[in-house]
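got a structure for you, letters missing:
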DNA sequence: CTGACGATTCACT
DNA sequence: GTGAATCGTCAGC
């Protein structure tokens, strides 16, 4: 298991990074408690030109400031007053790209995940859905700003690999307010993986496997 | 200071 | 399919 390095996070194409995150291992380790999950579903948020992004239009607030930090930083925020959503900041400082981790396949420390989620046995929902990912891994908003090159929260890779044909791209979940940008195929997941969330909405959408080639890059508003 | 609301989940119909 | 839970964040006054 090798830790994902800074170069991976600092790349400029957030859609490419989102694709590359599929199959990677997410690790949390504190108080001697380690949990590992394999990333099976993500969503890309393309910074200031993306109406679904918290940083749309260059918006800077105390909360979103983290997104303007260096790639390889955790951005965690509270949603609906209940759910802690874990994102990975990408690109260079001042370019607020991010990738939301939406689902994990539990790999290690599963007893801890069960304990944290209050579940009795493993099922498809253990770390499926962005709120459940954080709950199972023990991530809270206080971890926002944490360095992903550190020892507490980081990503790693092993021998696992995916073919491009195993990656499905669809529109993102819960971003209807983003008008036309709600339709962009910025959600990626592993085909046929049982831990992927919101399956009902799939209906085998028009699969856009090369979505990242059409990424908008203009930096004006 | 106030009010509206969200990158969600779960139980229930 | 519908609605409740629940609170930090943010715009507006």
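Looks like it arrived, so ask away. Just so it is clear, the model here is predicted, and its values are computed rather than measured.

any idea how far DNA strand B is from residue A:70?
Distance of residue A:70 to DNA strand B, given as CB to the nearest atom of the strand, to the nearest Å: 16 Å. Where C-beta positions appear, they are placed from N, C-alpha and C, glycine not excepted.

what does residue A:137 give?
From residue A:137 to DNA strand B the distance is 12 Å (CB to the nearest atom of the strand).

ditto for residue A:172
7 Å.

Ok, residue A:145 next?
Counting by CB to the nearest atom of the strand, the gap from residue A:145 to DNA strand B is 15 Å.

if I pick that residue, what's in contact with it?
Contact analysis of residue A:145 by CB atoms under 8 Å, 6 or more residues apart in numbering lists A:66, A:69, A:73, A:74, A:75.

give the contact list for the fourth one.
With contact set as CB under 8 Å, 6+ apart, residue A:74 has these partners: A:66, A:86-89, A:139, A:143-148, A:153.

now do the second one
Residue A:69 makes contacts with A:89, A:93, A:145, as judged by CB under 8 Å, 6+ apart.

can we see that at 10 Å?
Residue A:69 makes contact with A:75, A:89, A:92, A:93, A:94, A:96, A:145, A:147 under the criterion CB atoms under 10 Å, 6 or more residues apart in numbering.

Among these, name the buried ones.
Burial by neighbour count, 16 or more other CB atoms under 10 Å: within the contacts of residue A:69 this picks out A:75, A:89, A:96.

My read is that the first one contacts residue A:67, right?
Yes - the pair residue A:75 / residue A:67 is scored as a contact, 5.5 Å apart, by CB atoms under 10 Å.

how near is the residue positioned nearest the centre of chain A to residue A:94?
The centroid of chain A falls nearest to residue A:101 when counting by CA atoms, centre = their mean (2.2 Å). Counting by CB to CB, to the nearest Å, the gap from residue A:101 to residue A:94 is 23 Å.

what's the answer for residue A:140, then?
With CB to CB as the criterion, residue A:140 and residue A:94 are 26 Å apart.

Helix or strand next in line after the helix or strand in which residue A:42 is found, which one?
Here residue A:42, judged by DSSP states H and E, is contained in strand A:33-45. As assigned by DSSP H and E, the chain's next helix or strand after strand A:33-45 is strand A:73-79.

re the thing from before, quick one: which of the contacts of residue A:69 is nearest DNA strand B?
Proximity of the contacts of residue A:69 to DNA strand B (CB to the nearest atom of the strand) peaks at residue A:75, which lies at 6.8 Å.

That closest one pairs with what?
Beta-bridge pairing for residue A:75 (DSSP bridges): residue A:87.

swap in the one 4 residues further on?
For residue A:79, the residues forming beta bridges with it (DSSP bridges) are residue A:83.

That one is in contact with residue A:175, isn't it?
No - using CB under 10 Å as the test, residue A:79 is too far from residue A:175 to be in contact (12.0 Å).

More neighbours: those two, which one.
residue A:175 (20 against 13; other CB atoms under 10 Å).

Next, count neighbours for the closest residue to that one other than its chain neighbours.
Of all residues not flanking residue A:175 in the chain, residue A:52 sits nearest, at 4.0 Å (CB to CB, 6 or more residues apart in numbering). A count of neighbours around residue A:52, defined by other CB under 10 Å, yields 21.

Perfect, I'm done here.
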